[in-house]
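In: no letters, just coordinates:
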């Protein structure tokens, strides 16, 4: 897993006025859980830019007033109007203690179903895994080569060395559905349409009914 270093300052005043002042100065209040104590600290918003606006996952080296901690990003909050990050939560990493991390899903291979005219349905772009930090990869590779039209891959069908997937086993990760053209060209196929495609089908059906009534 790639590493990312941040130098921060410890918060001594946790009141609302102090928090508001930090944000006015473009500092982001942060909290770290999972260790012997909950740690409160802050850093300038620019220091987090490459951490937040990416699909990569990092093992973080966080320096709080000279004391260093290992951590992973848990979640962050945006301002509802400005879309600026206003708060970040981290989880402290301990080498011999399992950690839960959300990893990006990377599809590999070329599906035979897509080559036959099907449409890819990626339902989970991230999956949560649990394991020792040294065993956690940067991403989860999912091979879709054998997926035919109508096939799906569920969480329960995936496995990786030394880590445990913690999402619902029955959850669909990726699948290949028949496209509209493929569906209309073949009989008896079950088709999974997008919401906008379903709306178009309903509109077409309504127009056909109205035309038939008019005749």
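Out: Received it, and whenever you're ready, just let me know what you need. Since the structure is predicted, the reported quantities are computational estimates derived from the model, not experimental observations.

In: please list all residues in contact with the closest residue to residue 163 other than its chain neighbours.
Out: Once flanking residues are discounted, residue 163 sits nearest to residue 131: 3.6 Å by C-beta to C-beta, 6 or more residues apart in numbering. Where C-beta positions appear, they are placed from N, C-alpha and C, glycine not excepted. Residues near residue 131 by C-beta atoms under 8 Å, 6 or more residues apart in numbering: 98-99, 162-164.

In: what helix or strand is the nearest residue to residue 109 once chain neighbours are set aside on?
Out: Leaving aside its chain neighbours, residue 109 sits nearest to residue 145 (3.4 Å; criterion: C-beta to C-beta, 6+ apart). Under the criterion DSSP states H and E, no helix or strand holds residue 145.

In: strands of the chain, start to end?
Out: Counting by DSSP state E, the chain has strands at residues 2-10, 27-33, 39-44, 58-64, 67-78, 85-92, 99-108, 119-122, 126-131, 140-143, 152-154, 164-165, 172-177.

In: what does the fifth one contact?
Out: Strand 67-78 is contacted from outside by 32-35, 39, 51-52, 57-62, 84-95, 99, 101, 133, using C-beta under 8 Å, 6+ apart.

In: just for the chain, where's the confidence low?
Out: Filtered on pLDDT under 70, the chain yields the residue ranges 180-215.

In: what's near enough to touch the residue positioned nearest the centre of the chain?
Out: The centre of the chain sits closest to residue 126, judged by C-alpha atoms, centre = their mean, with a distance of 3.7 Å. In this structure, residue 126 makes contact with 102-105, judged by C-beta under 8 Å, 6+ apart.

In: can you spell out which residues form a bridge with it?
Out: Residue 126 has these beta-bridge partners by DSSP bridges: residue 104.

In: torsion angles phi and psi at residue 14?
Out: phi -100, psi 10 (degrees, to the nearest 10).

In: name the nearest residue to it, ignoring sequence neighbours.
Out: residue 40 (5.9 Å).

In: ok, residue 102 - contacts?
Out: With contact taken as C-beta under 8 Å, 6+ apart, residue 102 is in contact with 57, 126-129.
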